[in-house]
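Enquirer: I'd like to go over a predicted model; first the sequence, then the structure.
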Amino acid sequence: MGIFYDDKYKTFTLQTKDSTYQMKVDENKTLLHTYYGEKTDNTDKSYLICRMDRGFSGNPYELGKDDRTYSPDILPQEYSCFGTGDYRISALKIKHVDGSRGVCLHYEGYEIKEEKYSLKGLPAAYGTGEDVQTLIITLKDSVSGINVLLYYGVFEELDVITRAVEIVNGSISPVILMKAASISLDWQMGEYDWLTFYGRHAMERNLQRAEIVHGQQSVGSIRGTSSHQYNPFAIVCERSATEEQGACYGVSFVYSGEFLMEIEKDQIDQMRLVCGIHPENFEWKLDLGESFTTPEVLLTYGKSGFAGISHSFHKLIRNHICRGIWKDKPRPVLINNWEGTYFHFTGDKLVSIAKEAAELGIELFVMDDGWFGKRDDDNSGLGDWYPNEEKLGCTLKELGEQIVALGMQFGIWFEPESISKDSDLYRMHPEWAVQIPGRKPNLSRNQLILDFSRRDVQDYIIEKLSSVLKSAPVTYIKWDLNRSICDKYSNILPAERQGEMAHGFVLGLYRVLEKLHKEFPDLLIEGCSGGGGRFDAGMLYYTPQIWCSDNTDAIERLKIQYGTSFGYPVSTMGAHVSAVPNHQTGRETPLSTRGCVAMAGTFGYELDINRITEKDKEEIRRQIRIFKRYYNVIQYGNYYRLTTPYANSCTVWQIAAADGTETLVSAVYHHVCANAVPVFVKLKGLCEKAIYRLELICAPDEDILPAGGKVKFLEQGRRLSGAALMHCGLQIPIAWKEFGAWQIYVEKIEYVSPTEQGEAKGGKANISYT
Ligand code: GLA
């Protein structure tokens, strides 16, 4: 039971295991936000609100001259509104029929449900009554008749609160929503930083930590997708917060389109965060009785640093966002032909790669771009979703059957939202391509975008994809989108509804994905947008893994995967071993290092496996064995970032089973220096009083070790206590040349009672530390 209403004090308190969230209906029926943070009791926290007469922060008319301390500009609002006296960033902006833009909400009522709400046409966290409860609070603008329903999902055990908003036009005339954010969150005190994740194509989700200063700061996207440039995920934290300690708030937007996450520190050092659909390309007309539902935001609070926030989101995304059979089923180790062949392949060539791959233990063969229509480069063919049998030398069915006969699964690539000008589809339906009338559309990778906000386009794509999937033994698809979206205009929307196109496009995408999910429940879909350009919790509802980046360089991936891990679990991050010199950077890294890095994701290969040496083939066999052996801890364990690739010479991460029975420590040197300083890490998540056995399962190739291949490391099978590993730490062996990787498997072998532990410290216990 996580939701409490106190009728006397008119407070709503949401309790999770370690956090408390509270709202209060005040004497003027405004819904105030009184508290979110460390777990406390249900008592009224409105005493924290500082009320005094502040110049230029006005007061509601109804209060007359009696109370100048009550100002919407100062009070912590639960859902902030534009135009009626709160001058800070707002969540809701409405244009009325007379052109005015003010809205002011007052409390109407509430409802509690013993299940999680769902959002029509939108992805949202799900769960049963055992995991989650729902609170719905209704607010009303009495002048216009607009009703606003605030939805809260309380995942008590996970310390997660979800929020979404429904806006219902109960007025007598149509209104235009100009901004309808999913969340507004106020803090009355505290000095904070925020962590955001910026990037570009092939270099996504770099970490940036910035002080929240007076004024407004934001990250967002107006690119049609959530974007490579900024991720819809952030952490607000105390200035002193680190990986291990400090109060932190995680915010993750369950949406794959244009978003805006804004933060403001106000005149009296209060803070407000607003997150939702980006208002720049958004206007939504609501006729009488119509409603609009915002996408969902996931919130979590923890006082033990960034790692705790990551763990809550990892669990929530794995168990309550990802759906279907692939939520729990081990993902197949795959090989994708993109970097191996690019567009230049035949069916025979693909089968030859698959054959070798099957012998090495790879389970899924993925045929990437170039198998359909007329497409031997990226200038043509998108939209023509029928196989190019001439190029393949056989039908898709025959190709699939050859792959299946090798004991592998068969997967194929699609880019359903795009269309090439040089395609049969464009020749047939030029009006389906997005463009502003009278203007030449922007080309990107020489392609255009299909208007996915149109039902007929969605239905066409559903039909085409379904018929391909039914025609061959396909168990996986890679769903790509290789450009940003501009020139937004839809031929079927009237002028006053053109502002609905960008969001309508995302709703269309979700509808198509949902239909496919229902029709092909066993299909594994990997999301992709030029790598990780649409890596968000919204896509993960339909595609439980997403190609993390087009950058497959193991060293660059350290940063990309490090940044991604703050908000998303390992099981969602597509990561492949590719050839050297790397195609994006020209860098040469050992195969063992590439394997070690790719294993921190949904693991696979992307190279022409026929061109590698016997020694490398043996190494691939070893990697697959290791990955499968440690699959459970890698995919479901708690992920710890032990060092950062930004500041350290060696990036070290650790994934520990939740019960502390085993852990895998991985380390990659990206910088070496003469007479090196050792790198020490303290392990996490172990049982202090247990004894662990250490096994070195991956070490750098001999030729990059010091002369004679010798480095000093704990001998195989070395036993150490959990307390030693966590409090004293572990030394990562020094690397001689750059880019060496180490993987150390640490397994609990025995439990030591507190007395024995004490003796062990004194060296008398009957335990071998050899
Ligand atoms: C994108 C993807 C790549 C590959 C190409 C094919 O860039 O991220 O993995 O599929 O498209 O054109």
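Expert: The structure has been received and is ready for your questions. Numbering: from 1, shown residues only.
Enquirer: did I read that right, residue 313 in a helix?
Expert: Yes: Residue 313 forms part of a helix when assessed by DSSP: H, G, I helix; E, B strand; the rest coil.
Enquirer: What separation do you get for it and residue 299?
Expert: Applying C-beta to C-beta, to the nearest Å, the value for residue 313 to residue 299 is 10 Å. Where C-beta positions appear, they are placed from N, C-alpha and C, glycine not excepted.
Enquirer: any common contacting residues for these two?
Expert: Taking C-beta atoms under 8 Å, 6 or more residues apart in numbering as the criterion, residue 313 and residue 299 both touch 160, 250.
Enquirer: For the stretch 201-350 of the chain, which residues are neighbours of the ligand?
Expert: Neighbours of the ligand within the stretch 201-350 of the chain, by C-beta under 6 Å from any ligand atom: residue 338.
Enquirer: how about the helices in the stretch 501-650 of the chain?
Expert: Listed in chain order, the helices found in the stretch 501-650 of the chain under DSSP state H, counting those that start in this stretch are 501-519, 537-540, 554-565, 591-598, 614-629, 631-636.
Enquirer: mind putting the ones you listed in CSV, mean pLDDT and mean neighbour count included?
Expert: Formatted as CSV, the helices of the stretch 501-650 of the chain follow (pLDDT from 0 to 100; neighbours: other C-beta atoms under 10 Å):
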stretch, mean pLDDT, mean neighbour count
helix 501-519, 98, 20
helix 537-540, 99, 27
helix 554-565, 98, 25
helix 591-598, 97, 26
helix 614-629, 97, 16
helix 631-636, 97, 18
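Enquirer: now the ones you listed as CSV including distance to the ligand?
Expert: Listed next are those as CSV, based on distance: least, C-beta to the nearest ligand atom, whole Å:
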stretch, distance to the ligand
helix 501-519, 17
helix 537-540, 14
helix 554-565, 13
helix 591-598, 14
helix 614-629, 20
helix 631-636, 22
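Enquirer: Turn those helices into a markdown table, columns for distance to residue 576.
Expert: Below are those laid out as a markdown table (distance: least, C-beta to C-beta, whole Å):
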| stretch | distance to residue 576 |
| --- | --- |
| helix 501-519 | 23 |
| helix 537-540 | 19 |
| helix 554-565 | 9 |
| helix 591-598 | 6 |
| helix 614-629 | 12 |
| helix 631-636 | 15 |
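Enquirer: burial count for residue 533?
Expert: 31 (other C-beta atoms under 10 Å).
Enquirer: Could you tell me how many residues sit around the nearest residue to it once chain neighbours are set aside?
Expert: Among residues not flanking residue 533 along the chain, residue 228 sits closest, at 4.3 Å (C-beta to C-beta, 6 or more residues apart in numbering). For residue 228, the count of nearby residues is 26 (other C-beta under 10 Å).
Enquirer: do residue 648 as well
Expert: Residue 648 - counted by other C-beta under 10 Å - has 16 other residues nearby.
Enquirer: That one against residue 677, yeah?
Expert: No: the criterion here is C-beta atoms under 8 Å, and residue 648 misses it with residue 677 at 10.6 Å.
Enquirer: State the distance from residue 81 to the ligand.
Expert: 41 Å (C-beta to the nearest ligand atom, to the nearest Å).
Enquirer: ok, that residue - contacts?
Expert: Contact analysis of residue 81 by C-beta under 8 Å, 6+ apart lists 90, 91, 92, 93, 102, 103, 104, 105, 141.
Enquirer: is it in a bridge, and if so with what?
Expert: residue 92 (DSSP bridges).
Enquirer: hang on, the earlier thing: return the distance of the residue nearest to residue 533 relative to the ligand.
Expert: Per C-beta to the nearest ligand atom, residue 228 is found 11 Å from the ligand.
Enquirer: how far away is that residue from residue 565?
Expert: 17 Å.
Enquirer: and what of residue 356?
Expert: 32 Å.
Enquirer: Tell me which helix or strand residue 112 sits in.
Expert: Assigned by DSSP states H and E, residue 112 belongs to strand 106-113.
Enquirer: helices or strands next to that strand in the packing?
Expert: strand 3-6, strand 132-141 (3 or more C-beta pairs under 8 Å, 6 or more residues apart in numbering; DSSP states H and E).
Enquirer: In a markdown table, list those along with mean pLDDT and distance to the ligand.
Expert: Listed next are the helices and strands packed on strand 106-113 as a markdown table, based on pLDDT from 0 to 100; distance: least, C-beta to the nearest ligand atom, whole Å:
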| stretch | mean pLDDT | distance to the ligand |
| --- | --- | --- |
| strand 3-6 | 98 | 43 |
| strand 132-141 | 98 | 35 |
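Enquirer: For those, state which one has the densest average packing.
Expert: strand 132-141 (a mean of 21; mean count of other C-beta atoms under 10 Å).
Enquirer: Run me through the strand neighbours of it, direction for each.
Expert: Assessed with DSSP bridges, strand 132-141 is paired to strand 106-113 (antiparallel), strand 146-155 (antiparallel).
Enquirer: Restricting to C-alpha, output it in CSV.
Expert: This file holds the C-alpha atoms of strand 132-141, laid out as CSV (Å, rounded to 0.1, in the frame of the first residue of the first chain):
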residue,chain,number,x,y,z
VAL,A,132,2.0,-1.0,-8.4
GLN,A,133,-1.0,1.2,-7.5
THR,A,134,-2.5,4.2,-9.3
LEU,A,135,-3.6,7.6,-8.0
ILE,A,136,-5.6,9.9,-10.3
ILE,A,137,-6.1,13.5,-9.2
THR,A,138,-8.5,15.7,-11.1
LEU,A,139,-7.9,19.5,-11.4
LYS,A,140,-10.1,22.0,-13.2
ASP,A,141,-9.8,25.4,-14.8
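Enquirer: Pull the residues that contact it.
Expert: Residues contacting strand 132-141 (C-beta under 8 Å, 6+ apart): 1-3, 12, 14, 23, 31, 78-79, 81, 94, 103-117, 125, 146-156, 170, 320.
Enquirer: ok, now which ones touch residue 441?
Expert: 433, 434, 435, 448, 486, 487.
Enquirer: Show the model's pLDDT score for it.
Expert: Note on residue 441: pLDDT of 98.
Enquirer: residues contacting the nearest residue in space to it that is not next to it in sequence?
Expert: Nearest residue to residue 441, sequence neighbours excluded (C-beta to C-beta, 6+ apart): residue 435, at 3.9 Å. Residue 435 sits next to 441, 448, 487, 489 when contact means C-beta under 8 Å, 6+ apart.
Enquirer: Ok, residue 525 next?
Expert: Contacts of residue 525 (C-beta under 8 Å, 6+ apart): 476, 477, 478, 479, 513, 516, 517, 542, 543, 544.
Enquirer: Around the first one, how many other residues sit close by?
Expert: What it means is residue 476. The burial count for residue 476: 22, using other C-beta under 10 Å.
Enquirer: Report the secondary structure state of the residue in the stretch 301-450 of the chain that the ligand sits nearest to.
Expert: Using C-beta to the nearest ligand atom, the single residue of the stretch 301-450 of the chain nearest to the ligand is residue 369, 3.5 Å away. Per three-state DSSP, the secondary structure class of residue 369 is coil.
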